[in-house]
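Colleague: Everything below, folded, please.
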Amino acid sequence: MKLFPNEIGNVNYHAYNKRIEALNSQHQNFNVENIKKYLPGYLIPNENIIKQDFNNKLSPEDESEKERVNVLLNKYKDFLTLLKDDLKKNIENNLILSADILEIEEERNYYLEKLISISDYCKEKSTKLNNESDIKNLNEVLKILNHVPEDFK
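Modeller: Below you'll find the model as predicted:
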């Protein structure tokens with residue numbers, strides 16, 4: 001009306017006319033002048049719009065534009081549905097991957113504790129052994145356990 005354009009995109013829409021049509025569809029007798037008393041001022045269009053025919057049909061161009069807009073809306077709805085489904089799958093996959101990572105970390109910690117125990121045992125035994133061959137073997141085991149590749153981060 002005064003605050004709302006008569007045209008959205010290329011589609012004509014007259015809110016005041018729609019209200020009058022709604023009242024007509026209820027088979028009520030009313031006077032257009034009386035309606036002005038009950039509607040807030042910003043909902044009442046200027047006099048030129050009131051004088052227009054309330055039963056205007058959309059022109060073929062407006063109908064085709066309306067159809068084009070509906071097709072686009074349907075495409076966007078389909079696209080949003082696909083995005084929603086994709087997001088749901090990604091969240092499910094993320095939860096599965098997070099659970100897998102926790103399981104792998106637990107297994108890694110288990111084997112790391114075993115290796116640390118073996119390393120500590122070897123260090124303790126190497127100080128108590130007198131046989132050079134045994135000491136040499138334990139030192140080799142320690143060397144293997146403590147080895148870190150150069151490209152390891």
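Colleague: Looking only at stretch 142-153, what residues are buried by neighbour count?
Modeller: For stretch 142-153, burial by neighbour count (16 or more other CB atoms under 10 Å) applies to residue 142. No exception for glycine: its C-beta is placed from N, CA and C like everyone else's.
Colleague: which outside residues touch it?
Modeller: 115, 118, 119, 122, 123, 126 (CB atoms under 8 Å, 6 or more residues apart in numbering).
Colleague: Need the worst-confidence member of those residues.
Modeller: Lowest in pLDDT among those is residue 126, which has 78.
Colleague: Next up, the contacts around that one.
Modeller: Residues near residue 126 by CB under 8 Å, 6+ apart: 135, 138, 139, 142.
Colleague: Of these, just the buried ones, ChimeraX syntax please.
Modeller: Buried members of the contacts of residue 126, defined by 16+ other CB under 10 Å, are picked up in ChimeraX with:
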select :138,142
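Colleague: Tabulate the contacts of residue 126 (TSV), appending secondary structure, distance to residue 17 and pLDDT.
Modeller: Shown next, in TSV, are the contacts of residue 126 (DSSP: H, G, I helix; E, B strand; the rest coil; distance: CB to CB, whole Å; pLDDT from 0 to 100):
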residue	secondary structure	distance to residue 17	pLDDT
135	helix	102	82
138	helix	97	84
139	helix	96	84
142	helix	91	85
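Colleague: quick one: which of the contacts of residue 126 is nearest to residue 60?
Modeller: Taking CB to CB as the measure, residue 60 lies nearest residue 142 of those, at 89.4 Å.
Colleague: Would you mind stating the distance between the closest one and residue 97?
Modeller: 36 Å (CB to CB, to the nearest Å).
Colleague: Could you do residue 73 as well?
Modeller: Residue 73 is 36 Å from residue 97, by CB to CB.
Colleague: Residue 82 now?
Modeller: 22 Å.
Colleague: What segments of the chain are strands?
Modeller: Ranges of strands in the chain, per DSSP state E, are 7-8, 11-12.
Colleague: Poorly predicted segments of the chain, please.
Modeller: The model of the chain has pLDDT under 70 over residues 1-16, 27-59, 153.
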